[in-house]
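In: below: sequence and its predicted model.
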Amino acid sequence: MQPARRAWIALGFALAALFACWSPLAAPFGLLTGLGAAVLAWRARREGGRLALLALGLALLGVAGSGWVLGRTAGLGSGPDGLSRLPPARDGETARRLDAAAAESQAERRRATEQADPTATSRPRN
């Protein structure tokens with residue numbers, strides 16, 4: 001294989017790793033593709049020159065991004081007590097908020113129903 005061609009292939013794999021690093025579903029593929037691109041770029045660094053170094057940098061960026069996404073998906077970065085940084089809703093708090101919002105918008109919903117179909121009765125949908 002030609003040395004410059006190896007650098008171009010490494011750059012292609014590095015770009016693929018960079019595009020795959022943002023999604024939790026694609027991050028494992030981005031990690032593997034980035035590691036493969038890094039190996040190819042490392043092998044092509046003497047003959048490929050700047051292109052191989054660019055491929056190596058993008059591959060390492062893709063590997064780091066994939067690692068970060070996988071770590072956040074696995075729960076790393078939560079608070080020191082292991083809980084999320086956002087407090088969970090207490091029992092019944094969500095239901096109270098939804099009921100309050102429904103009570104506030106009840107008159108508007110009734111008016112909209114009457115305008116849409118004057119014969120229809122107002123009934124909430126879940």
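Out: Yep, it's here. Residues are numbered from 1 along each chain as shown.
In: lowest-confidence helix or strand of this structure?
Out: Every helix and strand of the chain was ranked by mean pLDDT, DSSP states H and E. The lowest is helix 45-48, at a mean of 80.
In: give the closest residue to the residue sitting nearest the centre point of the chain in space, chain neighbours not counted.
Out: Geometric centre of the chain, nearest residue: residue 23, 4.0 Å, by C-alpha atoms, centre = their mean. Of all residues not flanking residue 23 in the chain, residue 69 sits nearest, at 7.2 Å (C-beta to C-beta, 6 or more residues apart in numbering). In short, each C-beta sits where N, CA and C put it, glycine included.
In: which parts of this protein are helices?
Out: Per DSSP state H, the chain carries helices over the ranges 3-20, 27-43, 45-48, 50-74, 93-104, 106-116.
In: mind putting those helices into a markdown table with mean neighbour count?
Out: Putting the helices of the chain into a markdown table (neighbours: other C-beta atoms under 10 Å) gives the following:
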| stretch | mean neighbour count |
| --- | --- |
| helix 3-20 | 20 |
| helix 27-43 | 20 |
| helix 45-48 | 17 |
| helix 50-74 | 18 |
| helix 93-104 | 10 |
| helix 106-116 | 11 |
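In: rank the ones you listed by pLDDT, which is bottom?
Out: Out of the helices of the chain, helix 45-48 stands lowest, with a mean of 80 (criterion: mean pLDDT).
In: which helices and strands does it pack with?
Out: The contact analysis (3 or more C-beta pairs under 8 Å, 6 or more residues apart in numbering; DSSP states H and E) places helix 45-48 against helix 3-20, helix 50-74.
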